[in-house]
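> Sequence and predicted model, in that order:
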Amino acid sequence: MSGLATRRRDRIGGGRAYALIDGNSFYCSCERVFDPKLAAVPVIVLSNNDGCAIARTSEAKVLGIRMGEPYFKIRDLCRSHGVRVFSSNYTLYGDMSARTNAVFRQFSPRVEVYSIDESFLDLSDVAAALRVELALDLRATVRAWTGIPTCVGIGPTKTLAKLANHIAKSLPDLSGVCDLTEPSAYDHWLCRVAAAEVWGIGRASLAKLEAMGVESVADLRDLDPRPVRKGLTVVGERIIHELRGTACLPLELVPARRKGCAVTRSFSTRITDRATLEEAVAAHATRLGEKLRREGLATDHVTVFYHTSDHDRDDPQRSVSATVTLPEHTSDTLALIKAARLGVAKTWRDASPNRPSWRYSKAGILTNDLVPLSHSPRALIGRLDRERSDPLMAAVDACNARWGRGTVVPARAGLVGRRDWSTKFEMRTPRYTTQVSELPVAMA
DNA sequence: TCTGGGGTCCTAGGACCC
DNA sequence: TCTGGGGTCCTAGGACCC
């Protein structure tokens, strides 16, 4: 037996190795790729409506800007410290994500795209002694080919790979790579990292664990898994096994078919009248139809909701939702709009002399139990005219793909008005990589 | 009339994630 | 003035059935 094979057997996890690679401050890094002036300055990216900070570079974190912090609270801070602030540009980030994954696939054919900025790679076939070297090469290649800086965590299970990634990110001397399949690293780090950092341990679980005297990851690992199941469900039990090196979570190479789909948005201003609310809900239904058709899915019901804001403490509050059944499974925008409007009609309440209008802050449309359109049952009576609908929707989608979303919209969606309520993106950068008219310009 | 023990299915709500 | 959006999984409990 070769020395390498012997060494490998000594490692926990029976030789399996997963890498978790993620983009550092991913959205901010995407912005930096296209503007070199952002390189050393603090950068943040805001959520929809320019509401909260959802990505921060290390320079911004140092200034005390927290994840999810409302922008209006930190606007002055940003101004005085020269923080560059951007609206989110999901078209750009999605495309950059695809580019990084294309690089990952050069290093391992087995890649699970876990989120827009994180992927798991199967490194089981890479000799243990070479994994760190490979990870360093992977980081350098991604950086060179896409401009995105990353960190890599390696572990015998996905949970340990996530933990390793956290360690790699928090300690600059590790050169962005941490390998917990290495027994000495495993022993060293598990008692030095807080249990709160473990994937799947949130606030509620952490409180329960603290009551049991757990502080470090090692403390959590050493709990008896079966009693833990009582307080933390099978999820908690699984985490303990994963921390011990027994893989419970397989690599998901093929994304599971989605079960539900939602389009929900806060308004940039409050809405008090029915016509505007219906217009917003119709716009969300239009977007829902696009999402369903892109994945070949269909639904036979939609739930419409709208509500006032908790932040308007002195205003009367109202929150409603209504589910509308469709005659058959469909992804037809016109059918979805009709159902969405019906949902509003069923629940709308007018203001009266002794009751002012409610000030609605958010509305949405959602559905679950999605089925593939090709398999969906068709109603015998009252069915939609699919022979007309399918080519019509295909034509609408083709136009919008070519000339941009919103080029063709159903007239009955009422989307031709001013749309004062629609989501704000006041600091959005161009879609550099997906729109010819927005290509970056280089001067030579 | 009273007494019982399982099953399944569905839903709401909690928890967590990015 | 200004506080995101979109998912998944799990459990408890109710309804219903045999």
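Okay, I see it. Nothing here was measured: the structure is a model prediction, and the numbers come from that model.

> what about the closest residue to DNA strand C within the stretch 51-200 of chain A, how many neighbours?
Closest residue of the stretch 51-200 of chain A to DNA strand C, Cβ to the nearest atom of the strand: A:Gly51 (2.8 Å). Every C-beta, even on glycine, is put in place using the N, C-alpha and C of the backbone. When neighbours are counted by other Cβ atoms under 10 Å, A:Gly51 registers 19.

> Likewise for the one 5 residues further on?
Other residues near A:Arg56 come to 22 when the count uses other Cβ under 10 Å.

> Equivalent analysis for A:Gly202, please.
A:Gly202, neighbours per other Cβ under 10 Å, totals 9.

> Report pLDDT for it.
Note for A:Gly202: predicted pLDDT of 96.

> Ok, A:Asp35 next?
Model confidence at A:Asp35 (pLDDT) stands at 95.

> Spit out the contact partners of it.
A:Thr429 (Cβ atoms under 8 Å, 6 or more residues apart in numbering).

> that older thread, my guess is the residue of the stretch 51-200 of chain A closest to DNA strand C meets A:Tyr71, correct?
Yes: under the criterion of Cβ atoms under 8 Å, A:Gly51 makes contact with A:Tyr71 at 6.4 Å.

> Can you find the helix or strand in chain A with the smallest mean pLDDT?
helix A:3-10 (a mean of 42; mean pLDDT, DSSP states H and E).

> who touches the next helix or strand after it?
Per DSSP states H and E, helix A:3-10 leads on to strand A:18-23 as the next helix or strand towards the C-terminus. With Cβ under 8 Å, 6+ apart as the test, strand A:18-23 has contacts from A:29-30, A:97, A:100, A:104, A:108, A:114, A:117-124, A:131, A:135, A:138-139, A:142, A:148-158, A:160-162, A:164-165, A:251.

> Give me the pLDDT value at the residue of the stretch 51-200 of chain A closest to DNA strand C.
94.

> for A:Ala262, same thing?
96.

> hmm, back to that, who are the neighbours in contact with the residue of the stretch 51-200 of chain A closest to DNA strand C?
A:Pro70, A:Tyr71, A:Ser266.

> May I have the helix or strand hosting A:Ser80 as CSV, with CA atoms only?
In this structure, A:Ser80 is located in helix A:71-81 according to DSSP H and E. Extracted C-alpha coordinates of helix A:71-81, given in CSV (Å, rounded to 0.1, in the frame of the first residue of the first chain):
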residue,chain,number,x,y,z
TYR,A,71,-29.6,52.2,4.6
PHE,A,72,-31.3,55.3,5.9
LYS,A,73,-29.6,54.7,9.2
ILE,A,74,-26.1,54.6,7.8
ARG,A,75,-26.4,57.1,5.0
ASP,A,76,-24.5,59.8,6.9
LEU,A,77,-21.8,57.3,7.9
CYS,A,78,-21.4,56.2,4.3
ARG,A,79,-21.2,59.8,3.1
SER,A,80,-18.6,60.8,5.7
HIS,A,81,-16.4,57.7,5.1
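
> what helices or strands is that helix leaning on?
Packed against helix A:71-81 by the contact rule (3 or more Cβ pairs under 8 Å, 6 or more residues apart in numbering; DSSP states H and E) you find no helix or strand.

> Now do whichever helix or strand comes after that helix: everything it contacts.
Using DSSP H and E, the helix or strand that follows helix A:71-81 towards the C-terminus is strand A:84-87. Contact partners of strand A:84-87, identified using Cβ under 8 Å, 6+ apart, comprise A:27-28, A:31, A:38, A:41-46, A:50, A:71, A:78, A:424-429.

> Can you select the buried ones from the residues you listed in PyMOL?
Listed next is the PyMOL selection for buried residues among the contacts of strand A:84-87, using 16 or more other Cβ atoms under 10 Å:
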select buried, chain A and resi 27+28+31+38+42+43+44+45+46+50+71+78+424+425+428+429
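
> In helices only, show me the contacts of strand A:84-87.
Mapping the contacts of strand A:84-87 onto helices (DSSP state H) picks out A:Tyr27, A:Cys28, A:Glu31, A:Tyr71, A:Cys78.

> out of those, who's near DNA strand C?
With Cβ under 7 Å from any atom of the strand as the criterion, the ones in helices among the contacts of strand A:84-87 include A:Tyr71 near DNA strand C.

> Quickly name whichever of the ones in helices among the contacts of strand A:84-87 is closest to A:Gly296.
A:Tyr27 (28.9 Å; Cβ to Cβ).

> from memory that closest one sits against A:Ala55, does it?
Yes: the pair A:Tyr27 / A:Ala55 is scored as a contact, 3.8 Å apart, by Cβ under 8 Å.

> Residues in contact with both of those two, list them for me.
A:Val45.

> Run through the helices of chain A in chain order.
Under DSSP H, chain A gives helices at A:3-10, A:26-33, A:58-62, A:71-81, A:90-107, A:131-146, A:158-170, A:183-190, A:203-211, A:217-221, A:225-243, A:274-294, A:333-347, A:386-403.

> which one of those helices lies closest to A:Pro440?
helix A:26-33 (9.5 Å).

> Show me how far that closest one is from its chain's centre.
16 Å (Cα atoms, centre = their mean, to the nearest Å).

> any idea of the angle it forms with strand A:18-23?
Helix A:26-33 and strand A:18-23 are oriented at 50 degrees to each other (axes from the mean of the first three to the mean of the last three Cα atoms, to 10 degrees).

> What residue in chain A comes nearest to DNA strand B?
For chain A, Cβ to the nearest atom of the strand, closest residue to DNA strand B: A:Gly202, 2.2 Å.

> residues in contact with that residue?
So A:Gly202 contacts nothing (Cβ under 8 Å, 6+ apart).

> got it, and A:Tyr114?
With Cβ under 8 Å, 6+ apart, A:Tyr114 has these contacts: A:Leu20, A:Phe120.

> what's the pLDDT at it?
pLDDT, A:Tyr114: 97.

> do you know how far it is from A:Lys158?
9 Å (Cβ to Cβ, to the nearest Å).

> Spit out the residues that contact those two alike.
Shared contacts of A:Tyr114 and A:Lys158, counting by Cβ under 8 Å, 6+ apart, come down to A:Leu20, A:Phe120.

> ok, back up a step: which other residues reach the helix holding A:Ser80?
Here helix A:71-81 has contacts from A:Pro42, A:Ile44, A:Leu46, A:Asp50, A:Gly51, A:Cys52, A:Ala53, A:Leu63, A:Gly64, A:Ile65, A:Val83, A:Val85, using Cβ under 8 Å, 6+ apart.

> and the residues you listed near DNA strand B, which?
Within these, nothing lies near DNA strand B by Cβ under 7 Å from any atom of the strand.

> Including distance to A:Gly364, could these go into a markdown table?
Formatted as a markdown table, the contacts of helix A:71-81 follow (distance: Cβ to Cβ, whole Å):
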| residue | distance to A:Gly364 |
| --- | --- |
| A:Pro42 | 33 |
| A:Ile44 | 26 |
| A:Leu46 | 20 |
| A:Asp50 | 19 |
| A:Gly51 | 15 |
| A:Cys52 | 18 |
| A:Ala53 | 23 |
| A:Leu63 | 33 |
| A:Gly64 | 33 |
| A:Ile65 | 28 |
| A:Val83 | 31 |
| A:Val85 | 26 |
